[in-house]
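[1] Sequence first, then the predicted structure, then my questions.
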Number of protein chains: 2
Amino acid sequence: MTPPAQDRYHHGNLRSALLAQARARLAAGDEAELSLRELATRVGVSVNATYRHFQSKEALLMELAAEGFDELRQAMEHALPLPSAGAGAGAGESLHAAGEAYVAFAARERGLYRLMFSHKGRFEAHEGFRDASAAAFTVLLRLAAAARGDVPESASTMKAAMAAWALAHGVATLAAEGYLQALPDALRPEPGAILAMLDPRV
Amino acid sequence: MTPPAQDRYHHGNLRSALLAQARARLAAGDEAELSLRELATRVGVSVNATYRHFQSKEALLMELAAEGFDELRQAMEHALPLPSAGAGAGAGESLHAAGEAYVAFAARERGLYRLMFSHKGRFEAHEGFRDASAAAFTVLLRLAAAARGDVPESASTMKAAMAAWALAHGVATLAAEGYLQALPDALRPEPGAILAMLDPRV
């Protein structure tokens, strides 16, 4: 004998279960095919039960994208070889390590990564999304500042952080589209070697 | 008195008219909404007339994506300040100029650019697409080789060309998503300044 489906979840549990199901669906296929109704069925609750947590599919995806930026930030932070590095070569290495963690995250979470970058215009209405994406960028900004021996709030630090981000994003998206893999084995560069061509001090 | 719609076009004209309409539709909206039937109506012919040129929407989009890579290649080639530059600084500037032309093309042809990078797996079945995208990459490869004083067929030239491509692609896509524009005016880097942080000789 099993309890009615709606009672199987505490408040927080159902929320997490829906997000986890949505993430699994994104990894497997297309965002357009996803619906709250389908997620409800997969999790074993009524669609009404999902509305207690998410007003719409859009609200759920926005939350998931915010989670994604949060995990991307953590992945970059955990990759830093020298957490308290000062200016100079050590800080340049930290920026490079963060870039590698970024590319690895995008490869590991391909569907989630695509979602994070597909709806900025609409998702930015969501404070959690704005904060999480800004916090992830701040990691790069802090490392770029250290590499340049500059403050994070300068135009030249911003330029270096944007360059690190753009290069990591470019490598991640070209890899996701198969352009890196299409190269012959003997000529194919590692993502890390590509990232190393950026000089954050220029 | 106007002739029946089907007679208004010579073979090549209708083909070009359909491609031009599809390009305009991509610039205005979503690829998913586009259909051969709708294009036929816009151009003023029956949908059957379109089948003489394109077996399917997919075939038309593939052709359009190939056209896009062709124009991207031309845009990069026309931007080169020193067409016959040898190794050294001049060649590095050429690579940089090609990168700027790349980013400008992506900004100018946003819908087309998105199409070019959305279906590599399927579009590669099309020889014209494969050839056009390879030819565009060859421009970067040739310039990277000149900047390094190396041959185009080496792993390190490939690495530099992929880095130039990834950075230009990253800047183009982050700009398209609004991430560059979101920065305060005083801190926002120009695309060209971001591209200049790449050192093709590393």
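    Cool, the structure landed.
[2] how about stretch A:50-58: buried residues?
    For stretch A:50-58, the neighbour count (16 or more other Cβ atoms under 10 Å in any protein chain shown) marks A:50, A:53-54, A:57 as buried. Yep, even glycine has a C-beta here, placed from its N, CA and C like the rest.
[3] Oh, that last question was meant for stretch A:129-148, not what I typed.
    Applying 16+ other Cβ under 10 Å to stretch A:129-148 flags A:129-130, A:132-133, A:136-137, A:139-148 as buried.
[4] Same list, these, but only the ones touching chain B.
    The overlap between these and the neighbours of chain B (Cβ under 8 Å from any Cβ of the partner chain) is empty.
[5] Give me the subset of those residues lying in helices.
    Counted as lying in helices by DSSP state H, out of those, are A:129-130, A:132-133, A:136-137, A:139-148.
[6] So is the worst-scoring helix or strand of chain A on mean pLDDT next to chain B?
    The least trusted helix or strand in chain A, going by mean pLDDT, DSSP states H and E, turns out to be helix A:120-123, with a mean of 82. Yes. Helix A:120-123 reaches chain B (Cβ under 8 Å from any Cβ) through A:120-121.
[7] Buried residues, that helix. List them.
    Quick answer for helix A:120-123 (16+ other Cβ under 10 Å): A:120, A:123.
[8] Need the residues that contact it.
    Helix A:120-123 is contacted from outside by A:58, A:61-62, A:65-66, A:129, B:177-179, using Cβ atoms under 8 Å, 6 or more residues apart in numbering or on different chains.
[9] before we move on, back to that, how about a markdown table for the buried residues of stretch A:50-58, with secondary structure and pLDDT added?
    Converted to a markdown table, those look like this (DSSP: H, G, I helix; E, B strand; the rest coil; pLDDT from 0 to 100):
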| residue | secondary structure | pLDDT |
| --- | --- | --- |
| A:T50 | helix | 94 |
| A:H53 | coil | 93 |
| A:F54 | coil | 94 |
| A:K57 | helix | 93 |
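[10] okay, those residues in a markdown table with distance to A:A97 next?
    As requested, those are exported to a markdown table (distance: Cβ to Cβ, whole Å):
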| residue | distance to A:A97 |
| --- | --- |
| A:T50 | 39 |
| A:H53 | 36 |
| A:F54 | 35 |
| A:K57 | 36 |
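[11] Max pairwise distance over those: which two?
    The span of those, defined through Cβ to Cβ, is set by A:H53 and A:K57 at 12.0 Å.
[12] Tell me how many other residues crowd the nearest residue to A:M158 once chain neighbours are set aside.
    Distances taken as Cβ to Cβ, 6 or more residues apart in numbering or on different chains put B:L187 closest to A:M158, at 4.4 Å, once the chain neighbours are dropped. Residues near B:L187, counting by other Cβ atoms under 10 Å in any protein chain shown, number 14.
[13] residues touching B:L187, list them.
    A:153-155, A:158.
[14] Get me the contact residues on chain A for chain B.
    Residues of chain A found near chain B (Cβ under 8 Å from any Cβ) are A:32, A:117, A:120-121, A:153-155, A:158-160, A:162-163, A:165-171, A:173-174, A:177-180, A:183, A:186-189, A:193-194, A:196-200, A:202.
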